[in-house]
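Participant: need a structure here:
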Amino acid sequence: MPDDREPPARSVIPRESLLILTCAGALVAAVGLRAFSGIIAPLILALVLVVAVQPIRDYAVRRGVPEWLATSTTLLAVYAIVAGFGLALLVAAGRFATLLAEYEPQFQELVADVGDLLESWGIGSVQVREMINAIDLGSVVGIATDLIGGVAGAFTSIFFIVVLLFFVATDAGAFASKLRRVPESGSRTAEAFGRFAQGTRSYLVVSTLFGLVVAFVDVVALYALDIRDPWLWGMLAFLTNYIPNIGFVVGLVPPTIIALLDHGWGTALAVIIVYCAVNFVLQTLVQPRVVGNTVGLSGSLTFLSLIFWATLFGGIGAILAIPLTLFVKAVFVDVSPDRGWIGPLLSSHSGSAPSEGRVT
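Facilitator: I've put the predicted structure just below:
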């Protein structure tokens, strides 16, 4: 005899209440991430770096290299990347501070000229003199080097990052196979993390290629304008290219100030025009389209993710804004078929679904 009893009614949370709870939970999570950013940010950096060089390990293992040797090679490659990135930024900051110290007379003359100009515009001499007395080269050096040092600070916890890299690289090889052995939901999770890894690698490849092009154009322009140490500023432009949308501003500050103190307003304006033109053509028009096609994120989402992750994690958040967004997408969107409709909303594609992690 069939059971005519109705199944017990499930409690349904009203949609408005669910939205409020979701927003509250997201806010609490963001506050928690910000509070523990000193631990979480290096961990994320280690994860992304290992993901970036994991194909080296996989290729070596397929060629018959022992796993311990392949893992060690991968780890050394990551250590070299971290050391090179951090050292380059510190060298740029140190050299910039040294150069500015040599321009103390030119700086004081420039400040006096600006004061005379303001007085000619009718601004009171007392206010102008107070402003001039408050300005010194040390404060300018501090502001400029803080911009570079803020990015370099992402790599200062060297010991912590080194230890994290060791454990992450050691476990990375077996992680995917463990996920695949988990039935159904585990396989979908493995696919989502696979797309995250592939998208992260593709994004880093695209950013590296565009960074090289941007650095080359900037170096040629700085040579033509007779700016000191053009290769150093080109290297800085290459490194800051990994920061979406606003990274070029960090690379623009040192050569512009050097041009101003060495050659005057005209050359400084020329440097600004060159950097802005390169940024507009390559980093605003071309690169976001390529990145969007590669990882499936819209330009507006890229910019918002930069602000969000930089607020939470500082310099590391700015550098890893795209990989972090891809990770969140993999964890909260790609693993669940019920949330598949969210993917197209995040994508830069207006029609078909974006290619997952393919370099176009």
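
Participant: low-confidence ranges, the chain, go.
Facilitator: For the chain, the stretches with pLDDT under 70 are 1-16, 18, 115-187, 292, 336-360.

Participant: tell me who's in contact with the closest residue in space to residue 34 that isn't next to it in sequence.
Facilitator: Counting by Cβ to Cβ, 6 or more residues apart in numbering, residue 34 lies nearest to residue 312, which is 5.1 Å off, once chain neighbours are set aside. Any C-beta I mention is one placed from the backbone N, CA and C, and that applies to glycine too. Neighbour list for residue 312: 30, 33-34, 37 [criterion: Cβ atoms under 8 Å, 6 or more residues apart in numbering].

Participant: residue 312: helix or strand, and which one exactly?
Facilitator: Element membership for residue 312 (DSSP states H and E) is helix 299-313.

Participant: now the element after that helix, going C-ward?
Facilitator: helix 315-319.

Participant: and the helix or strand just after that following helix, what does it pack against?
Facilitator: For helix 315-319, the following helix or strand on the C-terminal side (DSSP H and E) is helix 321-329. Using 3 or more Cβ pairs under 8 Å, 6 or more residues apart in numbering; DSSP states H and E, the elements in contact with helix 321-329 are helix 37-62, helix 185-224, helix 287-295, helix 299-313.

Participant: buried sites along stretch 190-205?
Facilitator: Using 16 or more other Cβ atoms under 10 Å as the test for burial, stretch 190-205 gives 190-204.

Participant: and for stretch 230-247?
Facilitator: Counting neighbours by 16+ other Cβ under 10 Å, stretch 230-247 gives 230, 232-245, 247 as buried.

Participant: and stretch 82-102, by the same measure?
Facilitator: For stretch 82-102, by 16+ other Cβ under 10 Å, it's 82, 85-86, 88-90, 92-93, 95-97, 99-100.

Participant: check stretch 267-284 too.
Facilitator: When neighbours are counted by 16+ other Cβ under 10 Å, the buried residues of stretch 267-284 are found to be 267-268, 270-271, 274-275, 278-279, 282-283.

Participant: what about residue 95, helix or strand, and which?
Facilitator: Applying DSSP H and E, one finds residue 95 within helix 67-102.

Participant: just want the angle from that helix to helix 37-62.
Facilitator: In terms of direction (axes from the mean of the first three to the mean of the last three Cα atoms, to 10 degrees), helix 67-102 departs from helix 37-62 by 130 degrees.

Participant: what is helix 67-102 packed up against?
Facilitator: Packed next to helix 67-102, using 3+ Cβ pairs under 8 Å, 6+ apart, are helix 37-62, helix 137-152, helix 158-180, helix 230-240, helix 247-263.

Participant: pull the CA atoms of the fourth one into CSV?
Facilitator: Taking Å, rounded to 0.1, in the frame of the first residue of the first chain, the C-alpha atoms of helix 230-240 are listed here in CSV:
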residue,chain,number,x,y,z
PRO,A,230,66.3,53.9,-18.3
TRP,A,231,66.8,50.1,-17.9
LEU,A,232,66.1,50.3,-14.2
TRP,A,233,62.8,52.2,-14.8
GLY,A,234,62.0,49.7,-17.6
MET,A,235,62.4,46.9,-15.2
LEU,A,236,60.2,48.6,-12.7
ALA,A,237,57.5,49.1,-15.5
PHE,A,238,57.7,45.4,-16.2
LEU,A,239,57.3,44.4,-12.6
THR,A,240,54.4,46.8,-11.9
